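A.B. asks: any chance you could fold what I've pasted below:
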Amino acid sequence: MKVIRKRIFDGLFRKIIPVFICFSIISFPSCVFALNTDLVEDEIYWIDKGNEIYYSGDDYFEGFSKYIADEDEGCFYLFSRFTDYRIDRNTNENITLAFTIKNDVNTYLFQVDKNGLMNSSSKNTLESIDVYYNFDEASCKRQGGGVFVAFKLKNKTDRMLNNSISCEYYCGLNCTYNLLDSVHLDMYVPTTVKTTKAKTTKQTTSKKSRKTETKAKTNTSKTIKETSTKFSGSGNTSADKKTSAPATKFSGSANEIADDVVTEEILQSEESNNENVEKRESFSEISAQNSSTELSYQAKLLIIIFTVVFVVGVICIIIGTVNSKKDKKEPDCNE
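C.D. replies: Predicted structure coming up:
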């Protein structure tokens, strides 16, 4: 039995180990290395990639930089190849890149050289940013060279905002140059609060517009009433006093008065018609009620008559049976 158990255990163990290794190989790069580390290894991976910036016009500094802002993964890549003729080839200064990342909430300041991420002057930089670097092709003897730096934003708030990135190169105290100035890693996501505010403002504006419309309607109705009353009161006076006024205006006003009278008569006729219809309906209801009461009274009379006839018929039947019995008994006695 022990031998069988060992064989079973060994078989399961041999099957589990390859599966675990394959799973770790597949999942490890996707979970941990969302940042493309190839762009930090060699210049070959930058062929036909990135945005280019060329440095010219200065006698002491020349070269170019390429950068990639991966907004989907929240990563930023920088490759710079330059020559600074101010560098003393006999010194041992470190070529350093100083980065500044700003958004509406946070600001990060940190420096990167051949030894890695230096002490930054901002808080929570190490917790919020993963930095990858390669300074193997840069030195003071070359008076510059190729530099690779990449970093990933880990903070959730930073990954929902527009991040401005600037980079300054320096070697010692006297050799400095701005490589990048306000390059954007835009991952802005609009919040629901702003949309609700916009909706509330739209609702308030619509309500205000409705109020203004109702006010305008009431004001127009008031003005119509006022003008009609004033016109009806001043119609005769204007005709008496101002004889020089043209007859067309007066005729127009008379037509308007006639129209008002006609409309009032129509309204009155409609009201009278409505009243007649209501009276007819009420009269029909009363007649229906009366008919129902009359029918019920006739039914009562029929029931009474039927009962009387039934009782009389029963009495007649009883009398008839009694008389027939008497007629049968009388011949027996005569015999």
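
A.B. asks: what is the end-to-end distance of stretch 66-86?
C.D. replies: Terminal residues of stretch 66-86 are spaced 23 Å apart (Cα to Cα, to the nearest Å).

A.B. asks: no no, stretch 133-150
C.D. replies: First-to-last distance for stretch 133-150 - Cα to Cα - comes to 6 Å.

A.B. asks: can you pull the contacts of residue 181?
C.D. replies: Residues near residue 181 by Cβ atoms under 8 Å, 6 or more residues apart in numbering: residue 166. For the C-beta atoms, the positions are set from N, CA and C on the backbone; glycine is no exception.

A.B. asks: got the CA coordinates for the helix or strand containing it in PDB?
C.D. replies: Assigning secondary structure by DSSP states H and E places residue 181 in strand 175-186. Output in PDB follows, covering the C-alpha atoms of strand 175-186 (Å, rounded to 0.1, in the frame of the first residue of the first chain):
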ATOM      1  CA  CYS A 175      26.100  71.700 -16.200                       C
ATOM      2  CA  THR A 176      22.300  71.800 -16.500                       C
ATOM      3  CA  TYR A 177      19.700  71.600 -19.300                       C
ATOM      4  CA  ASN A 178      15.900  71.200 -19.700                       C
ATOM      5  CA  LEU A 179      15.200  68.100 -21.600                       C
ATOM      6  CA  LEU A 180      11.400  68.100 -21.200                       C
ATOM      7  CA  ASP A 181       9.000  70.900 -20.300                       C
ATOM      8  CA  SER A 182       5.300  70.200 -19.400                       C
ATOM      9  CA  VAL A 183       4.800  66.900 -21.300                       C
ATOM     10  CA  HIS A 184       1.400  65.500 -20.400                       C
ATOM     11  CA  LEU A 185       0.400  62.000 -19.300                       C
ATOM     12  CA  ASP A 186      -3.300  62.600 -19.500                       C
END
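
A.B. asks: in it, which residues are buried?
C.D. replies: Neighbour-count burial for strand 175-186 flags 175, 177, 179-180, 183, 185 (criterion: 16 or more other Cβ atoms under 10 Å).

A.B. asks: which of these lies closest to residue 150?
C.D. replies: Sorting these by distance to residue 150 puts residue 185 at the head of the list, at 12.0 Å, by Cβ to Cβ.
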